[in-house]
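Chemist: Sequence below, structure please.
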Amino acid sequence: MVDAGDLGRAPLPAPEQSRSRLDMYVAAAHRLGARGPLAHHVTNVVVREDGDGARAWSKGFALNQDGSTASYTYEDRLVRTDLGWRIGRRRVTARREAGRGVEPSIIR
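Modeler: Residues are numbered from 1 along each chain as shown. As a prediction, the model looks like this:
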């Protein structure tokens, strides 16, 4: 599941076994249609082992149609599957203030 409530969007449910996460994001993009961003990028990925899974933190930003930009923080719970590592759950948090984000102690 992708929790995008901080962005004012409904959660995206986890994809069915027959569908990939990419299919889920493509479907979400189609729902936005012409209102969707021109580009979306993810950077500064940090991954840490966590029991039999892993956690990841990253930054994302989007270029919107009107030239404005948006910045996000992603917090992911990673799970190992028969197809390899996958994002089991993602929380998206809007970056609204400089200097605010994931606490450094969390990513050590």
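Chemist: Any regions of the protein where pLDDT drops low?
Modeler: 1, 7-22, 24-25, 28, 96-108 (pLDDT under 70).
Chemist: What are the boundaries of the strands in it?
Modeler: 2-3, 39-50, 53-63, 69-81, 84-94 (DSSP state E).
Chemist: Okay, now the sheet partners of the fourth one, with direction.
Modeler: Paired neighbours of strand 69-81 in the sheet (DSSP bridges): strand 53-63 (antiparallel), strand 84-94 (antiparallel).
Chemist: do you know how far residue 82 is from residue 50?
Modeler: Separation of residue 82 from residue 50 (Cβ to Cβ, to the nearest Å): 20 Å. Where you see a C-beta, it was placed from the backbone N, CA and C, and this is true even at glycine.
Chemist: The two: which has the busier surroundings?
Modeler: residue 50 (11 against 5; other Cβ atoms under 10 Å).
Chemist: Contacts only, for the more buried one.
Modeler: Contact analysis of residue 50 by Cβ atoms under 8 Å, 6 or more residues apart in numbering lists residue 77.
Chemist: backbone phi and psi for residue 68, please?
Modeler: phi -70, psi 160 (degrees, to the nearest 10).
Chemist: re earlier: can you put the strands paired with strand 69-81 in JSON lines and add mean neighbour count?
Modeler: Compiled in JSON lines, those are given as follows (neighbours: other Cβ atoms under 10 Å):
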{"stretch": "strand 53-63", "mean neighbour count": "16"}
{"stretch": "strand 84-94", "mean neighbour count": "15"}
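Chemist: Tell me which of the ones you listed lies nearest to residue 43.
Modeler: Of all the strands paired with strand 69-81, it is strand 53-63 that lies closest to residue 43, at 5.4 Å by Cβ to Cβ.
Chemist: bridging residues for residue 62?
Modeler: Beta-bridge partners, per DSSP bridges, of residue 62: residue 40, residue 70.
Chemist: now it: how far from residue 47?
Modeler: Using Cβ to Cβ, residue 62 is found at 22 Å from residue 47.
Chemist: for residue 38, same thing?
Modeler: Taking Cβ to Cβ, one finds residue 38 at 28 Å from residue 47.
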